[in-house]
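# how does the following fold in three dimensions:
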Amino acid sequence: MRSLPLLLVLSLIPAILATSSAGFFDLTEFRRVTYDASIGEDFLWFAPNLDIRQLSLKNIDDFEREIAEKIPEEKDENYVFVTSKGGQKFACSLPVIEHLKKPTATKSSKNPKVYGDLLAASFYVNKCIHLRGNHWWTYTLCRGQTVEQIHGEVGSADYAKNILGIFDGTLTMPPYSESTDDRLLYVEESYTAGTYCDLEDYRQPRRISVRYECEPALSTNEAFIESVVEVKPCNYLMTVKVGTLCSYPEFLPVSQANTRNVACQPYLSKTQVREILEKRLEGQERTDDLEWEEQEARDASKMAERRFAAMTKSARRLYLPDKAKLINAEMDLRAAHFDLLTIGVELAGVKITEERNDAMWKRLNTVGFFDHVLYVNYDNIEDENRAYLWYYFNDPTWPKDQFPKDIYYTAVRFYIYKKS
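Residues are numbered from 1 along each chain as shown. Next comes the predicted model:
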């Protein structure tokens, strides 16, 4: 499922509002509802009970007829039809707006320290956050410790630094219990005993309140300073946006609490059905061919491995006089493994381009065959790794100079997908 471009979302909103409000544009609804659009990739979304896996040359006509009958008409009022820049048409289902979440004015019964403890997650990566930009001052919040304002560089003539407050352990919350249209629920920390104010009429330590509010766009380990306001001389209010609090519905903006999803799916015309079904059959035939080729490559790889193992006396680093035969056997083994590897990658849905093919071969040839037990004798990777450990502890001829590593196949496959 992918997100739709913003332009597409915006183009759908008027249709949604008109549909959900009996043809009238509801400004309140527009402000209090967030529309989230997503796009699927299932071209048979309108026929969920149809098992496309049963498609064959014998029944392709029946499938075509059944699918064509179930495709929604473009005049269907349950959908809005839009076309992407690339020419693909989508059918988007409109959410029904019925009951919106309404704010309440009851006082929260939850202890603010419960939320305060959770705020630590937003500062797990960055212990201190900063607000710079075009401000005269740069502000630094080290949560649970201090808030500072700094101007200039240390040692410069205009350098100045004030401690706006030291955390005194006080956490508070407003009297309301959830966010509403015009204000967000927050958790506030008190920082006091800062640098003395240098104004004649306000000779007292600076202090600052740090207010934490939900920002849905942030992850749980992110935070940023939105603003710092001097509400009165040497008394400040800092607003910090965090992702942690958003996991609690009461902190969400009302529009976020009333999120409605616009689900869009690729739309097929009846004339496209046959083409889609034929392409799917071609893909299935290619998969069947690859599975057969994989078995052939697996058998060839096992034969090459047995030859190589015999020439090296079980590949345990014993001396072999005829180096030319050993080199040829190793090259045959590498080639057999490469064939098996490329088939496996293609079966996984990755297209093998010439560039990727060259990169895979180069990577395969950087792997030391003597450092790993080859995987082709095992049904799966897990069995092979378990065999490593068994041989390491039970086979006296097994090399003991290093603990068994994971199979080289893992490294090669990782490199392939990194390239893809």
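# so for whichever helix in the chain runs longest, what gets flagged as buried?
When the chain is parsed with DSSP state H, its longest helix is helix 273-311. Residues of helix 273-311 classed as buried: 273, 276-277, 280, 290, 293-294, 297-298, 300-301, 304-305, 307-309 (neighbour count, 16 or more other C-beta atoms under 10 Å). Heads up, the C-betas are built off the backbone N, CA and C, glycines and all.
# got the contact list for residue 132?
By C-beta atoms under 8 Å, 6 or more residues apart in numbering, the contact set of residue 132 is residue 138.
# actually, residue 216.
Per C-beta under 8 Å, 6+ apart, neighbours of residue 216: 243, 246, 252, 253, 256.
# the fourth one against residue 179, yeah?
By that I understand residue 253. Yes - taking contacts as C-beta atoms under 8 Å, residue 253 lies within contact range of residue 179: 5.7 Å.
# so these two - more neighbours on which side?
residue 179 (23 against 20; other C-beta atoms under 10 Å).
# how near is the more buried one to residue 186?
9 Å (C-beta to C-beta, to the nearest Å).
# which neighbours do the two have in common?
Joint contacts of residue 179 and residue 186 (C-beta under 8 Å, 6+ apart) are residue 251.
# buried set for the helix or strand encompassing residue 69?
According to DSSP states H and E, residue 69 maps onto helix 60-70. Residues of helix 60-70 classed as buried: 60, 63, 64, 67 (neighbour count, 16+ other C-beta under 10 Å).
# just the pLDDT for the third one.
What the model reports for residue 64 is a pLDDT of 83.
# got the contact list for residue 85?
So residue 85 contacts nothing (C-beta under 8 Å, 6+ apart).
# go on, residue 243?
122, 214, 215, 216, 217, 218, 219, 220, 221, 222, 223.
# now the helices for the protein?
Under DSSP H, the chain gives helices at 6-20, 27-32, 60-70, 112-118, 254-257, 273-311, 323-347, 354-364, 381-394, 408-419.
# so which elements touch the third one?
Translated: helix 60-70. helix 273-311 (3 or more C-beta pairs under 8 Å, 6 or more residues apart in numbering; DSSP states H and E).
# gap between the residue lying closest to residue 123 once chain neighbours are set aside and residue 62?
Distances taken as C-beta to C-beta, 6 or more residues apart in numbering place residue 143 nearest to residue 123, at 4.8 Å, with adjacent residues excluded. Residue 143 is 65 Å from residue 62, where distance means C-beta to C-beta.
# next, the buried residues of the strand ranked longest in the chain.
In the chain, assigned by DSSP state E, the strand with the most residues is strand 160-172. Residues of strand 160-172 classed as buried: 162, 163, 164, 165, 166, 167, 171 (neighbour count, 16+ other C-beta under 10 Å).
# which of those residues lies closest to residue 56?
The closest of the buried residues of strand 160-172 to residue 56 turns out to be residue 171 (C-beta to C-beta; 66.2 Å).
# from residue 217, how far out is that closest one?
24 Å.
# equivalent analysis for residue 183, please.
Counting by C-beta to C-beta, the gap from residue 183 to residue 217 is 19 Å.
# can you check residue 139 too?
Residue 139 is 21 Å from residue 217, by C-beta to C-beta.
# pick out whichever of those two has more residues nearby.
With neighbours defined as other C-beta under 10 Å, residue 139 and residue 217 compare such that residue 139 has more, 21 against 9.
# the more buried one contacts residue 151, doesn't it?
No - with contacts counted by C-beta under 8 Å, residue 139 stays clear of residue 151, the gap being 10.6 Å.
# what count of nearby residues applies to residue 44?
Residue 44: 19 neighbours (other C-beta under 10 Å).
# so what pLDDT did it get?
pLDDT, read off for residue 44, is 77.
# now do the contacts for it.
Counting by C-beta under 8 Å, 6+ apart, residue 44 has contacts 50, 52, 67.
# next: residue 114.
Applying C-beta under 8 Å, 6+ apart, no residues contact residue 114.
# go through stretch 75-94 and flag the buried ones.
79, 80, 82, 90, 91, 92, 93, 94.
# stretch 201-218 now?
Quick answer for stretch 201-218 (16+ other C-beta under 10 Å): 206, 207, 208, 209, 210, 211, 212, 213, 214, 215, 216, 218.
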